[in-house]
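Student: Build me a model from this:
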Amino acid sequence: MENQEFTPSFFRFEDLRVYQKALDYYTWTHNKTDFFPNSESNPLVKNFTIDALEIASKISEGSSRNKIQFIDSLREAKTAIRRCVVNSSVSIKLGYINEEEEDESRRQLMELTKMLGALIGSLQKDNRSNNQPKQQITEYQSNNY
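Tutor: Residues are numbered from 1 along each chain as shown. Predicted structure coming up:
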């Protein structure tokens, strides 16, 4: 396999691994909730998919702002993760997913939480050392987070 050089995308947040993982989780959630009873009108389906999509949305929204605002958006993404944990727990209690599927959901959510925590920590450290709160987030590429 050829060694390809990394070419950043126009929208830099797309280069973040955590953003790509968030999209993967949304896709997983969307595919699972398609099989829930009355999926078109089921409020759990709506909440689960909205909360899953919010993880990626908060990452993308915050990436264009200054570091402090980006950190706040990443924290909001972590809040959406917690709501997805609740949605997953309710789904298994209602028999909509099995234990293996709940474990998969939790595994992905834990991974996203750890990645977001690492990114937040890096931004906080970088922000303290540079003392430049208005600097835009452009230096984080896919191999970092």
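Student: C-alpha only now, for contacts and for neighbours.
Tutor: Noted.
Student: Helix, strand, or coil at residue 10?
Tutor: Secondary structure assignment for residue 10 (DSSP: H, G, I helix; E, B strand; the rest coil): coil.
Student: quick one, longest helix in this structure?
Tutor: Secondary structure of the chain per DSSP state H: the longest helix is helix 99-130.
Student: helices or strands next to that one in the packing?
Tutor: The contact analysis (3 or more Cα pairs under 8 Å, 6 or more residues apart in numbering; DSSP states H and E) places helix 99-130 against helix 17-33, helix 67-93.
Student: got the angle between that helix and helix 67-93?
Tutor: Here helix 99-130 runs at 170 degrees with respect to helix 67-93, directions being taken by axes from the mean of the first three to the mean of the last three Cα atoms, to 10 degrees.
Student: in helix 99-130, what's buried?
Tutor: Within helix 99-130, the residues that qualify as buried are 101-102, 105-106, 108-109, 112-113, 115-117, 119-120, 122-124, 127, counting by 16 or more other Cα atoms under 10 Å.
Student: Quickly note the distance from the residue lying closest to residue 69 once chain neighbours are set aside to residue 80.
Tutor: Excluding the flanking residues, the one nearest residue 69 by Cα to Cα, 6 or more residues apart in numbering is residue 62, at 6.2 Å. Separation of residue 62 from residue 80 (Cα to Cα, to the nearest Å): 14 Å.
Student: now swap in residue 126 and tell me
Tutor: Residue 126 is 25 Å from residue 80, by Cα to Cα.
Student: now swap in residue 55 and tell me
Tutor: From residue 55 to residue 80 the distance is 6 Å (Cα to Cα).
Student: Great, nothing more from me.
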